[in-house]
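Undergrad: sequence first, predicted model second:
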Amino acid sequence: GAVVSQHPSWVICKSGTSVKIECRSLDFQATTMFWYRQFPKQSLMLMATSNEGSKATYEQGVEKDKFLINHASLTLSTLTVTSAHPEDSSFYICSVAPPGQGAINEQFFGPGTRLTVL
Amino acid sequence: QKEVEQDPGPLSVPEGAIVSLNCTYSNSAFQYFMWYRQYSRKGPELLMYTYSSGNKEDGRFTAQVDKSSKYISLFIRDSQPSDSATYLCAMSVNTGNQFYFGTGTSLTVIP
């Protein structure tokens, strides 16, 4: 499968600071990337769809001013958690959908970033 | 009601057992059904995908979809300790659309 990288893999920050998480598609150019959040023992919840060259599409209940998404290039999307608070502590995972999938529907997931806000 | 329901387990089985994992869903528009495996502190990796109803087999893994009952299953034959992970079902209406995930079932295969 395609290789998707995330950086950093683990970050600890103080409450009130901002944290940037990078997601890179290493095998192909991706016009669309997805950002998920996963709390312990819970499912992946889609936060937003990142579109290269346009604004991200946020899911209901996700604050776009708090979770800033920038799809800077066809291989890079960033998620910035602004003014992070302890309740933002979670596992953040990005995924990439290959272009021109046809009948195949697949997303390749990154290894995830564990954010702990003190 | 959640779009996708999945029993979180945990499920513990002896090595060699047949494992059955299931999800139910409410949206009859779902056409694509996927099973992902997620090891602790890692991102999910695709195991199987199925379009519409029917069965699909890949080695020790068999995926079944019953759209009339809105029920999907993943069977693991001859389970191995390396199969110990969380298994997530996922569904979507169409290619490129949002994926809806189950909560995941935690599986432990005991040697």
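TA: Arrived safely, thanks for sending.

Undergrad: how close does whichever residue of chain A sits closest to chain B get to B:R41?
TA: Closest contact between chain A and chain B, by CB to the nearest CB, is at A:F109 (3.7 Å). (Each C-beta comes from the backbone N, C-alpha and C, glycine too.) Separation of A:F109 from B:R41 (CB to CB, to the nearest Å): 13 Å.

Undergrad: who's more crowded, those two?
TA: Ranked by neighbour count (other CB atoms under 10 Å in any protein chain shown), A:F109 and B:R41 place A:F109 first, with 24 against 11.

Undergrad: show me what contacts the more buried one?
TA: A:F109 makes contact with A:4, A:93-95, B:36, B:43-45 under the criterion CB atoms under 8 Å, 6 or more residues apart in numbering or on different chains.

Undergrad: of those residues, just the buried ones, ChimeraX syntax please.
TA: Command for ChimeraX, covering only those of the contacts of A:F109 found buried under the criterion 16 or more other CB atoms under 10 Å in any protein chain shown:
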select /A:4,93,94,95 /B:36,43,44
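
Undergrad: count the residues that sit near the closest residue to B:V19 other than its chain neighbours.
TA: Distance criterion CB to CB, 6 or more residues apart in numbering or on different chains; nearest residue to B:V19, sequence neighbours excluded, is B:I76 at 4.1 Å. Using other CB under 10 Å, B:I76 is surrounded by 22 other residues.

Undergrad: where does chain B dip in pLDDT?
TA: Counting by pLDDT under 70, chain B has low-confidence residues at B:1, B:95-97.
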